[in-house]
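A.B. asks: Following is a predicted model, sequence given first.
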Amino acid sequence: MPARETEAIILKTFSLGEADRLVSFFGRSSGRMRGVAAGARRLKNRYGSTLEVLSHVQLWYVERETRDLVRIQQCELLESFHKAQSDYALSTGLAVVSEVSERVLPEHEAAEPMFRLLLLTVREIERTAAWQLPLSYFAFWAVRLGGYLPQLDRCAKCGTLFDEHAAFHAPWEPGLLCEKCKRPGMRTLHEEGRKLAERFATERLDKIEFVAALERPAAELREAALNWIEQHTEKQLQTRKLLETT
Ligand SMILES: [Zn+2]
């Protein structure tokens, strides 16, 4: 079979045997796929640093009729995110972006808005050397593009408008609830966090300045969006707890 070519973002890699790597990547034209990079674990290999988490690459692969895994022939770096990839705190942010992408992207299905969202998010983590605002933006948009963003202005149970009051969310609840309907263990999303969601919906991430006043709203909105992702995919995000340690 002839080789195919796609612009791609590396999502994750795993060791495969002594010498190879299993690579999960999100191709701009191919969608999310898995492939084998033969010899990628050898000291001298032709992939170099291209297979780092969330690297932006040009990738050539061959499909094999009988297997799910493609064979990766060649990979070239288009854009380096070295600063973020080599910093512990920043790489925890990247790990969450990677896990959410693996979770929400269907296989073999191109998704241009998600591709652009991923690139913008990683570029901003690299440029600003902080994951807080980019990760909030990414989680919010992943939920919105997935089509399961709840109404942010009223209670999902009784319909009461929140106005300036707090709203409540949890990983077991698809909607936002009011003070009266909330259950024990739910977390708070204040008005400022809901206002930040409105800004995210209309302004580009790289145009929003991360001032100190946005810290709490960004954290609350991020927690809410990650909860909705867990609720929607019916599974906990493993990398999420790492954020609390950075
Ligand atoms: Zn209510």
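C.D. replies: Okay, I see it. Every value quoted in this text rests on a predicted model; they were computed, and no experiment measured them.
A.B. asks: For residue 174, grab phi and psi.
C.D. replies: phi -70, psi -20 (degrees, to the nearest 10).
A.B. asks: Now do the contacts for it.
C.D. replies: Shown in contact with residue 174 (Cβ atoms under 8 Å, 6 or more residues apart in numbering): 148, 150, 156, 228, 231-232. Where C-beta positions appear, they are placed from N, C-alpha and C, glycine not excepted.
A.B. asks: Now do the residue nearest the centre of the chain against the ion, distance only.
C.D. replies: Closest to where the C-alpha atoms of the chain average out (Cα atoms, centre = their mean) is residue 97, at 2.8 Å. Look at residue 97 and the ion: by Cβ to the ion, to the nearest Å, they are 33 Å apart.
A.B. asks: And for residue 180?
C.D. replies: Taken as Cβ to the ion, the span from residue 180 to the ion is 5 Å.
A.B. asks: OK, contacts around the closest residue to that residue other than its chain neighbours?
C.D. replies: In this structure, residue 180 finds its nearest non-sequential neighbour in residue 158, 6.9 Å apart by Cβ to Cβ, 6 or more residues apart in numbering. Residue 158 makes contacts with 178, 180-181, as judged by Cβ under 8 Å, 6+ apart.
A.B. asks: Counting neighbours, which of those residues end up buried?
C.D. replies: 178, 181 (16 or more other Cβ atoms under 10 Å).
A.B. asks: how about the longest helix seen in the chain: buried residues?
C.D. replies: With secondary structure taken from DSSP state H, the chain has its longest helix at helix 215-233. Neighbour counts over helix 215-233 (16+ other Cβ under 10 Å) mark 217-232 as buried.
A.B. asks: what's the most distant pair in the residues you listed?
C.D. replies: 217 and 232 (22.2 Å; Cβ to Cβ).
A.B. asks: rewinding a little: now the contacts of residue 174 in JSON lines, with pLDDT?
C.D. replies: Formatted as JSON lines, the contacts of residue 174 follow (pLDDT from 0 to 100):
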{"residue": "148", "pLDDT": "97"}
{"residue": "150", "pLDDT": "98"}
{"residue": "156", "pLDDT": "98"}
{"residue": "228", "pLDDT": "98"}
{"residue": "231", "pLDDT": "98"}
{"residue": "232", "pLDDT": "97"}
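A.B. asks: Give me the contact list for stretch 181-199.
C.D. replies: 136, 140, 152-153, 155, 157-158, 162-170, 173, 176-177, 208, 213-214, 216-218, 220-221, 223-224, 227.
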